[in-house]
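[1] I'd like to go over a predicted model; first the sequence, then the structure.
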Amino acid sequence: MGLVDDYLSYEQAKKRSSGLLYVTETVKDCLRNAYFSITDPQVFSLDTLRIFETGKMIEDWYIKVLRSTTGINVILTQSPCYYKTNEIEIHGRLDALCQHNNGSLVIHEIKSIKSTIDLTEPRKEHEKQIQFYMNTLNVDFGMIDYIDKEILINGKNRLGLGSTDKTFTVNKDPSIFANTVQRAKQLKKCVETNIPPPREFCWRCDEFCAWKNKCNET
């Protein structure tokens, strides 16, 4: 293998700390999917890992865009964010904390997706994720910035619509955060007792769930 593949293989082989949950797991529409991702972690192909890394590089590039934008002061990037009590510990990493020219602190959550053409609202998981950061840091405003990978990489999209990158503004909602924490507690209990959570049918079920067969058998 080359240097890149060696690095990707090493990163994938890292072991997680016992009892630790990541915010990207706790915000999933299906806790059963999150449960299997912890108890039966998938080994991704090197091609898939390269796609993941491309997404990270796009996010790093967009932070440069934020830094160069008049009226936006980037304060923190790729900063660890924690929620910890006697019952639960959730870790996350916010993409960027900025101060806009009106003085407001704003958390930017950067997502690179295949296409933004049909995107009319933020995806629920992404909204829950940014709510985690907003509530743990007590920041009132957030923005979910979607970057169209097809346009960025290929220079244009097939429909010829030009740039379709989209941003959605989000206000802090403690109820969404509370629900995420509650579901995290449920997930933690399921992992500790080795009992999968009930099924929650979502968009992954048909073809995007790596544990579809195992879920059907359990």
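    Looks like it came in fine.
[2] which residues are in contact with the residue nearest the centre of the chain?
    What sits nearest the mean C-alpha location of the chain, by C-alpha atoms, centre = their mean, is Thr24, with 5.0 Å. Taking C-beta atoms under 8 Å, 6 or more residues apart in numbering as the criterion, Thr24 is in contact with Gly92, Glu125, Gln129. (Each C-beta comes from the backbone N, C-alpha and C, glycine too.)
[3] for the second one, grab the count of nearby residues.
    Pointing back at Glu125 there. 16 (other C-beta atoms under 10 Å).
[4] how about Cys30?
    Counted with other C-beta under 10 Å, Cys30 comes out at 20.
[5] just to check, it is in contact with Pro196?
    No. In this structure Cys30 lies outside contact range of Pro196 using C-beta atoms under 8 Å: 10.7 Å.
[6] buried ones in the particular helix or strand that has Tyr82 in it?
    For Tyr82, the host element (DSSP states H and E) is strand 72-84. The neighbour-count check on strand 72-84 (16 or more other C-beta atoms under 10 Å) flags Ile72, Val74, Thr77, Cys81, Tyr83 as buried.
[7] from Glu217, how far out is the residue nearest to the centre of the chain?
    Going from Thr24 to Glu217 by C-beta to C-beta, to the nearest Å gives 25 Å.
[8] would you mind giving the secondary structure of the closest residue in space to Pro80 that isn't next to it in sequence?
    With C-beta to C-beta, 6 or more residues apart in numbering as the criterion, Pro80 has its nearest non-adjacent residue at 5.6 Å, and that residue is Arg93. What DSSP: H, G, I helix; E, B strand; the rest coil gives for Arg93 is strand.
[9] looking at Arg93 now. What's its pLDDT?
    If you check Arg93, the pLDDT there is 94.
[10] count the residues that sit near it.
    A count of nearby residues for Arg93, using other C-beta under 10 Å, gives 14.
[11] does it touch Leu76 like I think?
    No. If you go by C-beta under 8 Å, Arg93 and Leu76 don't touch, sitting 10.5 Å apart.
[12] quick check, nearest of the buried residues of strand 72-84 to Leu119?
    Nearest to Leu119 out of the buried residues of strand 72-84 is Ile72 (C-beta to C-beta; 22.3 Å).
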